[in-house]
Every structure is written in structure tokens, then in C-alpha cells.
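> predicted model and sequence below, questions to follow.
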Amino acid sequence: MSSRTLTLGILAGLVTGMLWGIVFVVPQLLPQFSALELSLGRYFFFAIASCTTLRETLRHWRGFDRGDKWQVFWLSASGFWLYTLLLFWAVALAGGVLTTLVIGLLPVTIPLFAKKTLKLDAGFALGLALIVIGLGVLEAKPLLAGSAGVPLLGWLPLLSCLVLWTWFGIANTRFVQKHPAAKVSLTNLMGLSSFIILAVICLFAVDLKALVAQPHFGAFVFWSAVVGFGSSWLANWFWNICSSLVPATISGPLVVAETSFGLLYTFIFQHRLPDGAELAAMLLFAFGVFLALHAEIGRRKAVLT
């Protein structure tokens with residue numbers, strides 16, 4: 001792997017994180033809309049963007065074997081429509097900060113499971129422990145204040161998102177490295193399939209007339225376009241570039257950019273700085289990720305030499 005290839009892959013991963021981070025603040029901007037409605041709006045615009053190269057997309061689709069076609073379906077669920085439903089639900093129940101930090105475990109879980117072994121060296125294990133402690137500090141904050149923490153129902157979508165995207169991060173990398181010429185087509189296929197599935201669900205679960213009549217429908221359309229075009233189609237285009245240039249043990253840790261920008265956007269929206277518990281959790285989280293990544297990069301260098 002050349003230094004130029006590595007640099008391009010890392011830059012693509014950082015741009016992806018900047019775009020993905022917007023998703024964490026949208027449910028806070030539009031609390032009057034349900035997770036299903038927000039997801040429908042996002043993937044409506046994602047589908048529009050996915051039609052820009054429809055002929056090429058269909059050509060690649062026809063070239064996939066049956067196993068590849070099923071893989072595209074599972075990738076669209078774990079990385080997009082099902083993941084987004086759970087993510088918006090998690091933000092509504094657990095808040096933007098905790099959701100962002102839990103999803104921030106991806107830089108550790110992706111390289112951990114990409115190695116196909118649960119054997120950890122000391123540095124990686126210490127980093128993981130610090131991240132868990134950081135999450136504990138954040139969850140202990142409301143308990144010490146005499147109020148209830150995040151309910152069990154709030155942890156369900158959080159942990160589900162973590163599991164889904166850990167698998168997606170690894171499987172997507174393998175898929176685009178197997179089909180490097182289909183990077184854009186894969187993005188388009190996942191966008192189109194996600195919209196079709198959500199549209200069918202919404203026919204039975206969403207009152208579209210009431211949705212359009214909402215007083216903040218204009219803001220809903222605007223932010224749906226932002227996350228549909230930017231945080232979905234464009235972001236996944238950059239992510240597939242990253243995934244095609246670097247292995248999952250490197251692309252996975254780059255997801256930390258999503259966490260960083262997600263927290264930044266959340267605090268900007270709330271017009272405040274992080275409080276003591278949030279700052280302590282963020283520092284523990286950042287140092288834990290650093291230790292885990294340092295250990296993983298060191299391991300890869302040792303293998304290469």
C-alpha cells in the first residue's frame with residue numbers, strides 16, 4: 001500500500017465522517033417528526049441522487065451473482081434503512097451525546113472483529129476499557145443527580161446500531177474490494193433499495209397527508225435533502241473510496257471522525273459547551289480510541305515487517 005493511496009483513503013474517510021455527523025443532530029432539529037418519517041425523507045432524496053447513473057447501476061446489478069445481490073440487500077439494511085430507523089429512535093430516547101459516543105465505539109469494534117479473533121493485546125484492551133469507562137461516566141451523570149438514566153428501551157436501538165454498523169463496515173469493505181468498479185453503483189443500489197423498502201413500510205405506518213400538513217414541513221424537506229444527498233449518497237461515495245483503498249482495520253478507526261463531528265454539531269445546536277461529565281467521557285473516549293488505534297497500527301506494521 002503506497003503512502004499516496006493511504007493518504008487518499010484517510011482523507012476520504014474524514015470527509016465521510018464530517019458528512020455522517022449531520023445525522024445525529026437532525027432528530028434534535030425536527031423532534032416533531034418520527035424516526036420513520038425522517039428516514040423516509042432521507043432516503044427519498046438518496047434515491048433521487050442514486051438515479052443519476054441508473055444505466056450503469058443496472059449494468060453492475062445484472063453482473064452480480066445471486067450471493068452478491070443478497071449481500072447488497074443486507075448491506076443496505078445494516079448500513080442504511082434499518083440502521084437509520086434505529087439511530088433516529090436512539091437519539092430520541094437517549095439523546096444526541098450518548099448516541100454519538102456509543103456509535104463512536106465503531107473505531108474499535110470494526111478492527112476488532114475484522115481481525116477474526118477476540119485475542120487482544122494490552123494496548124487495545126486498555127483502550128477498549130477506557131471507552132467503556134467513559135460511557136459509564138456519562139450514564140452515571142443523571143443517576144448522581146437523582147434522576148433516571150437512559151431507559152433499557154433506549155439502549156436497545158443504541159446497541160443494535162453498533163452491531164449492525166460493525167458488520168456493515170467490514171462487509172462493505174470486502175464487497176467494494178471484490179467489485180472495485182462498482183463503488184458508485186453499490187451506493188446507488190443501497191439508496192434505491194432503502195427507499196423502496198421504507199416507502200412500502202410508510203404506506204401502512206405513516207399518514208402522508210398529515211406529514212405534508214405539518215407546520216415545519218419545509219424544514220423537514222430541507223434537512224431530508226441535506227442528509228439524503230450529503231450524509232447518504234455523497235458520504236457513502238467517499239466511504240466506498242476509502243474502503244477500496246485501505247483495509248477495514250484502517251477504515252474502521254476512521255469512523256471516529258463521525259463521532260467528533262456529531263458531538264460538535266450537537267453542542268452547536270444546543271448552544272453550549274460540554275459539561276464536566278460529558279467532557280470527562282469525551283476525553284476517556286478519545287484517549288481510549290487513540291490507544292486502541294495505536295496498538296492496531298503497531299500490530300500491522302509488525303506484520304508487514
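It's in.
> for the protein, just list every one of the strands.
With DSSP state E as the criterion, the chain has no strands.
> what's the helix or strand bottoming out on mean pLDDT in it packed up against?
Every helix and strand in the chain was compared by mean pLDDT, DSSP states H and E; the lowest is helix 248-251, with a mean of 70. Judged by 3 or more C-beta pairs under 8 Å, 6 or more residues apart in numbering; DSSP states H and E, the packing partners of helix 248-251 are helix 3-20, helix 106-114, helix 152-178, helix 235-245, helix 276-304. Where C-beta positions appear, they are placed from N, C-alpha and C, glycine not excepted.
> ok, the closest residue to residue 246 other than its chain neighbours - contacts?
Once flanking residues are discounted, residue 246 sits nearest to residue 9: 3.8 Å by C-beta to C-beta, 6 or more residues apart in numbering. Applying C-beta atoms under 8 Å, 6 or more residues apart in numbering to residue 9 gives the contacts 241-242, 244-246, 250-251.
> ok, 10 Å please
1, 241-247, 250-251, 254 (C-beta atoms under 10 Å, 6 or more residues apart in numbering).
> what of residue 167?
Residue 167 touches 74-75, 78-79, 109-110, 113, counting by C-beta under 10 Å, 6+ apart.
> one more: residue 282?
Contacts of residue 282 (C-beta under 10 Å, 6+ apart): 97, 100-101, 104, 134, 137-138, 259-260, 263, 274.
> scan the contacts of residue 167 and report the most crowded one.
residue 110 (25 neighbours; other C-beta atoms under 10 Å).
> how close does it get to residue 159?
15 Å (C-beta to C-beta, to the nearest Å).
> how about residue 113?
Residue 113 is 15 Å from residue 159, by C-beta to C-beta.
> same deal with residue 185?
For residue 185 relative to residue 159 (C-beta to C-beta), the value is 32 Å.
> ok, the two, which is more surrounded?
Applying other C-beta under 10 Å to residue 185 and residue 159 shows that residue 185 carries more neighbours, namely 23 against 13.
> is it correct that the more buried one is in contact with residue 52?
No. Judged on C-beta atoms under 10 Å, residue 185 makes no contact with residue 52 at a distance of 11.2 Å.
> which intervals of this protein have sub-threshold pLDDT?
Across the chain, the ranges flagged by pLDDT under 70 are 1-2, 96, 115-120, 139, 141-152, 249, 252-253, 293, 296-297, 300-305.
> burial count for residue 229?
By other C-beta under 10 Å, 17 other residues sit near residue 229.
> circling back to that earlier point, if you rank the contacts of residue 282 by neighbours, which is first?
residue 100 (27 neighbours).
> next, the contact list for the closest residue to that residue other than its chain neighbours, please.
Nearest-residue entry for residue 100: residue 262, 4.0 Å, with adjacent residues in sequence omitted and distances by C-beta to C-beta, 6+ apart. By C-beta under 10 Å, 6+ apart, residue 262 lies in contact with 17-18, 20-25, 91, 96-97, 99-101, 103-104.
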